[in-house]
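J.: Give me the fold of what follows.
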Amino acid sequence: MRDFLLNNVLPFWIEHAIDHESGGLFNFIDREGRVYGSDKNVWFAGRTMYTYSLAYNKLDKNPAYLDVAENMYSFLPKCELDESGRLPFIASREGRAIVADSTYYSETFAAIGCAEYYIATGKVDVWNKAEQYFDIAYRLYREDLARVPSPDVSKTETKALGPSMIMLATAQVLRKVNHDKYDRIAVECADEILTHFFEDKGLLENVTLDGCFLDTPVGREINPGHSLEAAWFLMSEGVYRDNGLYKNKAKEIIDISMKHGYREGGIIAFCDCDGNPPDHLEWDMKIWWPQCEAMIANRLCYNVFGEEKYLQSFEALRDWCFDRYPDPEFGEWYGYMHYDGTRANTLKGNYSKGPFHLPRMLYLVDKLERGENIW
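T.: Here you go, the predicted model:
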């Protein structure tokens, strides 16, 4: 895992996707590494800064990693909408806002990127930006600031799992620098997930505004990748705190999410918790990132509980994925497979796929296989 990360994945993005002229990451990358679109998902400025700063801090003091992080850090202010520091979702190559962010994930990813870059450099201005971006996101999470309405009208009267799980993961990163402030928020978000989104049917993607089950296609929706990602966030929080409730609930979520999502070697994209037809056209695709989250969740669960079935699930996923996703000729992973494991296309990057889920999985699984804690 470590060798593939350091000698394949990280070099691929450095070679092909860094915009040395305007800053930031080119998202649209074809199989060979050619850029075929210049608009940028602002999430990836923060995500890329995080990935390369973490690699520098934990794996290899490669100055090229800090160059990437500095490039991303310098690009973010170009994207800020006003003096408040809010960031868009999609920006032009130069940083001009094109699409507003109906969430606050641009800010959360900017926060973790800045936090990890601060750990690498000790630059106070970088930490100040981490806190600024986090505070914007947290105010939006607490609804102290008005958000851009969601374009999906079917979900306007619901609340989603994503914000709580992303805020939990963000607080876990920033807690490495300021324990007291961010530890409290991590607990708040973990409790929100368990109180409002988890029930016998699974970890739900959407619930009513007051946190109850909604018996509609939107309310019955389960995204197994999200569920497994949230599960390992919760389990790692349980390990960090030595909290048996978090660990055991996370284990339950892994069990039911694998039951919902694992099909013939890989994890599908969506399902209905009651077995009704999912309304997402891509419901049965096997996309790269749920496979990554499933591998982390099962390998962590094995380390924590020692039950052989989780190691077997991890190894089966690992073998299935490494037989299909890596490109031995041009590097990195393909992103999108059909249900039967055949490639849907050959892109290496788009608005969703970039240097985040795959390198994070490779890094964390390597740590887990070495018997190390991941936070």
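
J.: packing partners for the host helix or strand of Ala316?
T.: Assignment of secondary structure by DSSP states H and E places Ala316 within helix 308-322. Judged by 3 or more CB pairs under 8 Å, 6 or more residues apart in numbering; DSSP states H and E, helix 308-322 is in contact with strand 266-267, helix 288-305. Yep, even glycine has a C-beta here, placed from its N, CA and C like the rest.

J.: got the ones you listed as a markdown table, with distance to Asn62 and mean pLDDT columns?
T.: A markdown table is the format used below for the helices and strands packed on helix 308-322 (distance: least, CB to CB, whole Å; pLDDT from 0 to 100):
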| stretch | distance to Asn62 | mean pLDDT |
| --- | --- | --- |
| strand 266-267 | 32 | 98 |
| helix 288-305 | 23 | 98 |
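
J.: in stretch 339-357, what's buried?
T.: The neighbour-count check on stretch 339-357 (16 or more other CB atoms under 10 Å) flags 347-357 as buried.

J.: closest to Glu70 out of the helices and strands packed on helix 308-322?
T.: helix 288-305 (26.3 Å; CB to CB).

J.: Mind exporting the C-alpha coordinates of that closest one to CSV?
T.: Included here for helix 288-305 are C-alpha records, laid out as CSV according to Å, rounded to 0.1, in the frame of the first residue of the first chain:
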residue,chain,number,x,y,z
TRP,A,288,-13.8,3.8,-6.6
TRP,A,289,-14.3,5.7,-3.4
PRO,A,290,-16.9,3.4,-1.7
GLN,A,291,-14.4,0.6,-2.2
CYS,A,292,-11.8,2.7,-0.4
GLU,A,293,-14.1,3.5,2.5
ALA,A,294,-15.1,-0.2,2.8
MET,A,295,-11.5,-1.3,3.0
ILE,A,296,-10.7,1.2,5.7
ALA,A,297,-13.8,0.3,7.7
ASN,A,298,-13.3,-3.5,7.6
ARG,A,299,-9.5,-3.3,8.3
LEU,A,300,-10.0,-1.0,11.2
CYS,A,301,-12.8,-3.2,12.6
TYR,A,302,-10.5,-6.2,12.4
ASN,A,303,-7.8,-4.3,14.3
VAL,A,304,-10.3,-3.2,17.0
PHE,A,305,-12.3,-6.4,17.5
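
J.: Could you say which of the helices and strands packed on helix 308-322 is packed most deeply?
T.: Ranked by mean neighbour count, these are led by strand 266-267 with a mean of 26 (mean count of other CB atoms under 10 Å).
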